[in-house]
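Undergrad: this one's sequence-less:
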């Protein structure tokens, strides 16, 4: 893979996701997530939720514009890097809010609305690759991009062993032409357990493959991990209520589209580990 091709692919995934998220926020989708985030900072007392949603949409659209302008060499790297960092950190800090965790199950680490929030960890490694990679070693970039992939597979994958999560994914699994067969072979909980085991196993194997730089294992684990995030994107078209006529994406659609960031993480890992033209730094 050539560097320019990877840059373009990663930037394109970033732009598409930010634009779709931005449009959906502008047209009122994800009001609960907007409320939860801004309420943490006490801003819901200052501005109506609808206006805060529009503000979120504008920020995401402007950030995507910075990415495009940098790709066309119209602006310098600090602008998109700073914008992505603001979006990422503003959202991640809200993980300290109590409402991100399911109190009925003991709170942390049983995560509720925070499942969508932890996905923002994927943004910073993407930005580091696009705008700072010459200041970082190849190994550092690989591990930075592995971290959000492992985090979401371990954390959300681990949640699959809980009854509440097993039931929550039923609308996604039963409408998927690729996964509905699982309910013919397993109970709802058993199917969820299988998905959880798969997620955990692939994350572990990818980490081992990176650590030992063992190419056959890397290839298998890489394919296994990226399959998770590609499969998630199919839910946009198979799950009821993921898309909207008025805002493109619903809250569910917003949750799903963020997995484009993990596909970008996986592309970066592939470029840095599989391309023999990459020199060890």
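TA: Happy to help now that I have it. This structure is a prediction, so every number in the text was calculated from the model and none was measured.
Undergrad: quick one: the strands in the protein?
TA: When assigned using DSSP state E, the strands of the chain occupy the ranges 243-244, 248-249.
Undergrad: can you give the contact residues for the last one?
TA: So the one you mean is strand 248-249. The set of residues external to strand 248-249 that reach it, using CB atoms under 8 Å, 6 or more residues apart in numbering, is 20-21, 23-24, 27, 29-30, 236, 242-243, 257. C-beta: built from backbone N, CA, C; applies to glycine.
Undergrad: ok, 10 Å please
TA: Among residues not part of strand 248-249, those counted as contacts by CB atoms under 10 Å, 6 or more residues apart in numbering are 19-27, 29-30, 236, 242-243, 254-257.
Undergrad: picking that back up, deepest-packed of the strands of the chain, please.
TA: With neighbours taken as mean count of other CB atoms under 10 Å, those reach their highest mean count in strand 248-249, at a mean of 20.
Undergrad: adjacent strands (with direction) for that one?
TA: Note on strand 248-249: by DSSP bridges, its sheet partners are strand 243-244 (antiparallel).
Undergrad: how far out from the middle of the chain is the strand it pairs with?
TA: Here strand 243-244 shows a centroid-to-chain-centroid distance of 19 Å under the convention CA atoms, centre = their mean, to the nearest Å.
Undergrad: what's the neighbour count on residue 238?
TA: Each residue near residue 238 was counted by other CB atoms under 10 Å, and the total is 17.
Undergrad: ignore the last one, residue 228
TA: Using other CB under 10 Å, the number of residues around residue 228 comes to 22.
Undergrad: my guess is it contacts residue 203, does it?
TA: Yes: with the criterion set as CB atoms under 10 Å, residue 228 and residue 203 qualify as a contacting pair; they are 9.2 Å apart.
Undergrad: all set, thanks.
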